[in-house]
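Enquirer: need a structure here:
(4 chains)
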There are 2 protein chains.
Amino acid sequence: MRIGQLAAACDCPIETIRYYERVELLPRPGRRPNGYRKYDERHRRWLNFILKSRGLGFTQEEVRRLMELADQSQPDCTRVHRLVRTHLRDVRAKLAELRRMERALLGLKRKCESGEFEDCPALDELMA
Amino acid sequence: MRIGQLAAACDCPIETIRYYERVELLPRPGRRPNGYRKYDERHRRWLNFILKSRGLGFTQEEVRRLMELADQSQPDCTRVHRLVRTHLRDVRAKLAELRRMERALLGLKRKCESGEFEDCPALDELMA
DNA sequence: CTAAAGCCTGTAGTTGCTACAGGGTCAAGC
DNA sequence: GCTTGACCCTGTAGCAACTACAGGCTTTAG
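Expert: Numbers count the residues shown, from 1 in each chain, chains lettered A, B, ... in the order given. Have a look, this model is predicted:
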């Protein structure tokens, strides 16, 4: 397939596919005589793997490691497990941070809503 | 005060202060004859405002708008309220996304833990 | 034969900082 | 008087992970 067809198959922008090639996430495809990239099923599966992993928030570096592990004949489940656990920890840290923000923003919002003030109490709180 | 003292007062890296000046978030300070930046209380309060807002996840653009609103003699609480609500929506969208990731990662983790497989079931799922 | 759609490379922009390199300034101590 | 160290300056480059052109080929449909 050509790049556009791969992009359609994986629902991923063409530019992103070329980008993954440039940063050496996606293996280099073959080329037709006219210079067009030529992809096969293997590429489609790797691209899907990358997209799924990124969709779970793994960094490029982590995806690279996952791909190395997946590429072995005898996948090392222990390592995969460790990667997943570590990343889960990161995700939970971000969750905690966002929840903190949510609480604070809710507080600001309530202040804005609670009655009549000369000046805005939310701005006051940010200024304090 | 000099930049180092402001940085210490607000617990913020010096580089960040210069950066905020460059992108025109923080008003330009005066200069001493030797070229050193010279800050006063007003700068300290603005910098705190910026740091607090950023800590709540507001983008630079949003902080700029908040600052404009805060700078008026008659702060428009309605606009502030709208900014806060919009941002709260964004934060909640990110929360939902992260929770989705958390669930999926937890699923992967459990698969890795649940017994003996020939190959890693987590990798299988990413590959599928 | 021409127009549109598809592909190519290479580079620059995004957000919000952070990290130098390569200098100038200033107060304290010997 | 001179050095040492802490502080400050500008300007540029780097990070993640894309996204968006510009400027140019090729292929396909009518």
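Enquirer: From now on I want contacts and neighbour counts done on CA atoms only, so please keep to that.
Expert: Will do.
Enquirer: Now the element after the longest helix seen in chain A, going C-ward?
Expert: Assignment by DSSP state H gives helix A:77-113 as the longest helix of chain A. The helix or strand immediately downstream of helix A:77-113 is helix A:121-127, counting by DSSP states H and E.
Enquirer: Quick check: the gap between A:E97 and chain B.
Expert: 9 Å (C-alpha to the nearest C-alpha, to the nearest Å).
Enquirer: A:I3 too?
Expert: 20 Å.
Enquirer: does the residue most central in space within chain A sit in a helix, a strand or a coil?
Expert: By C-alpha atoms, centre = their mean, chain A has its centre lying nearest to A:R54, at 3.3 Å. When classified by DSSP: H, G, I helix; E, B strand; the rest coil, A:R54 comes out as helix.
Enquirer: That one contacts A:E61, correct?
Expert: No. The criterion here is C-alpha atoms under 8 Å, and A:R54 misses it with A:E61 at 10.5 Å.
Enquirer: what number of residues lie near A:S53?
Expert: Neighbours of A:S53 under the rule other C-alpha atoms under 10 Å in any protein chain shown: 22.
Enquirer: now A:R110
Expert: 14.
Enquirer: And the one 10 residues further on, by the same measure?
Expert: By the other C-alpha under 10 Å criterion, the neighbourhood of A:C120 contains 22 residues.
Enquirer: what residues are up against the closest residue to it other than its chain neighbours?
Expert: Distances taken as C-alpha to C-alpha, 6 or more residues apart in numbering or on different chains place B:C77 nearest to A:C120, at 5.0 Å, with adjacent residues excluded. Taking C-alpha atoms under 8 Å, 6 or more residues apart in numbering or on different chains as the criterion, B:C77 is in contact with A:112, A:119-120.
Enquirer: Averaged pLDDT, the longest helix of chain A. What do you get?
Expert: Helix A:77-113 shows a mean pLDDT of 94.
Enquirer: tell me which residues of that helix are tucked away?
Expert: Buried residues in helix A:77-113, counted by 16 or more other C-alpha atoms under 10 Å in any protein chain shown: A:77, A:80-81, A:83-85, A:87-88, A:91, A:95, A:98, A:101-102, A:105, A:108-109, A:111-113.
Enquirer: Just confirm yes or no for it near DNA strand D.
Expert: No. Shown here: helix A:77-113 not in contact with DNA strand D (C-alpha under 7 Å from any atom of the strand), separated by at least 11.3 Å.
Enquirer: Taking helix B:77-113 as reference, get the angle to that helix.
Expert: Helix A:77-113 runs at 160 degrees relative to helix B:77-113, counting by axes from the mean of the first three to the mean of the last three C-alpha atoms, to 10 degrees.
Enquirer: next one: helix A:77-113 to chain centre, how far?
Expert: Put simply, helix A:77-113 sits 15 Å off its chain's centre (C-alpha atoms, centre = their mean, to the nearest Å).
Enquirer: Up against DNA strand C, what does chain A have?
Expert: A:2-5, A:35-37.
Enquirer: before we move on, back to that, how far away is the residue nearest to A:C120 from B:K52?
Expert: 18 Å (C-alpha to C-alpha, to the nearest Å).
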